[in-house]
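> Turn this into a structure:
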Amino acid sequence: MWQFYQQLVALQREIYLAFADRIGSFASTGDWSELAVYLPMGILFGAAHALTPGHSKAVLATYLAGSTTSIRRALATSLALSFTHVTMSVLIVLLSLPLIRFGFGAEAGRAPVLEQISRILLIVVGIWMIVTAIRPKRQQEHHASPAFGAMAGLIPCPLTLFVMTFAVSRNVPEAGIAFAVVMMAGVALTLSSVAIAALVFKGSLLSLLTERPHLMERASRSVLAVSGVALTVLAAADIMP
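Here you go, the predicted structure:
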């Protein structure tokens, strides 16, 4: 596993350096054709980057496992997470001074205030899932919502921040935005795969219980409660210093 992670990091570094070189050339020539040749690599970059620790994969899978939803809504949730995660980085750089003063700490590539807001919102969702699970039989089904993806995605993407900052420093923010768009597609590809995998796992588990409705109801509540606890613990752990 560690070797696989190192390979991902090495792949990202190679792609990042290639893009930095292309952005530098674009700043000098203004030739979009030179940059466009490398843009598809951004999809690979985003997909590989989303496989590394972070990006709320565990949070997304936990939330969807505790929800009653369709693949379409699960994909919408993962897409909302991907969009917010990358777009926040673009906005931070484009609106750099006020947001950096408000949200950034000393560590490069992080926005502590936005991270705290995201985690607090996730804790609220987790507690709500727990309460829903322990209600009497009148409880309503919990459907996944793209709004959850937006909450989880408030944490900006560090690599998009770096690329955007590099592009802005060369006075070609449009090159950074183009990279962010294709990278977003790669991140969405990975997170959508996580969302589908979570639903398939949950469906396989519950299909074993279809002939025992009472047991299935208890299992559904248990999955929702465990998911709520896990989500709350994951978010709270990130808030703790």
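> Now do the host helix or strand of residue 147: everything it contacts.
Residue 147 belongs to helix 146-152 when assigned by DSSP states H and E. Under the criterion Cβ atoms under 8 Å, 6 or more residues apart in numbering, residues 56, 59-60, 63, 73, 76-85, 118, 121-122, 125 lie in contact with helix 146-152. In short, each C-beta sits where N, CA and C put it, glycine included.
> average model confidence for it?
The pLDDT scores in helix 146-152 average 81.
> downstream neighbour of that helix in the secondary structure list?
helix 158-169.
> longest helix anywhere in this structure?
Identified as the longest helix of the chain according to DSSP state H is helix 173-207.
> Let me see the mean pLDDT of it.
87.
> tell me which residues in that helix are buried?
Under the neighbour-count criterion of 16 or more other Cβ atoms under 10 Å, helix 173-207 has 173, 175-184, 186-192, 194-195, 198-199, 202 buried.
> Of the contacts of helix 146-152, which belong to helices?
Mapping the contacts of helix 146-152 onto helices (DSSP H) picks out 59-60, 63, 73, 76-85, 118, 121-122, 125.
> May I ask which helix or strand of the chain has the lowest mean pLDDT?
helix 96-103 (a mean of 51; mean pLDDT, DSSP states H and E).
> Could you tell me which residues make contact with the nearest residue to residue 152 once chain neighbours are set aside?
Residue nearest to residue 152 in three dimensions, not counting chain neighbours: residue 56, with 4.2 Å by Cβ to Cβ, 6 or more residues apart in numbering. By Cβ under 8 Å, 6+ apart, the contact set of residue 56 is 81, 85, 152-153, 155, 191.
> Put together TSV for those residues, with distance to residue 235 on each row.
Formatted as TSV, those follow (distance: Cβ to Cβ, whole Å):
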residue	distance to residue 235
81	14
85	16
152	9
153	14
155	11
191	17
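> which one of those sits closest to residue 36?
For these, the residue nearest residue 36 by Cβ to Cβ is residue 85; the value is 24.1 Å.
> For that closest one, the count of nearby residues, please.
27 (other Cβ atoms under 10 Å).
> Hmm, residue 168 is touching residue 93, no?
Yes - the criterion here is Cβ atoms under 8 Å, and residue 168 meets it with residue 93 at 5.7 Å.
> These two: which is more packed in?
Taking other Cβ under 10 Å, residue 168 and residue 93 do not tie; residue 93 has more neighbours (25 against 16).
> and the more buried one, what helix or strand is that in?
Judged by DSSP H and E, residue 93 forms part of helix 71-94.
> Can you give me the buried ones in that helix?
73-90, 92-93.
> And stretch 159-176, by the same measure?
159-168, 170, 172-173, 175-176.
> Could you export it as CSV, CA atoms only?
The C-alpha trace of stretch 159-176 is given here as CSV (Å, rounded to 0.1, in the frame of the first residue of the first chain):
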residue,chain,number,x,y,z
LEU,A,159,-2.7,21.0,-5.6
THR,A,160,-5.3,23.2,-7.4
LEU,A,161,-4.2,26.0,-5.1
PHE,A,162,-0.6,25.5,-6.1
VAL,A,163,-1.4,25.4,-9.9
MET,A,164,-3.7,28.4,-9.7
THR,A,165,-1.1,30.4,-7.7
PHE,A,166,1.6,29.5,-10.3
ALA,A,167,-0.7,30.5,-13.2
VAL,A,168,-1.7,33.8,-11.5
SER,A,169,1.9,34.6,-10.8
ARG,A,170,2.6,34.2,-14.5
ASN,A,171,-0.4,36.5,-15.3
VAL,A,172,-2.3,33.6,-17.0
PRO,A,173,-5.1,32.7,-14.6
GLU,A,174,-7.1,31.2,-17.5
ALA,A,175,-4.5,28.5,-17.8
GLY,A,176,-4.9,27.6,-14.2
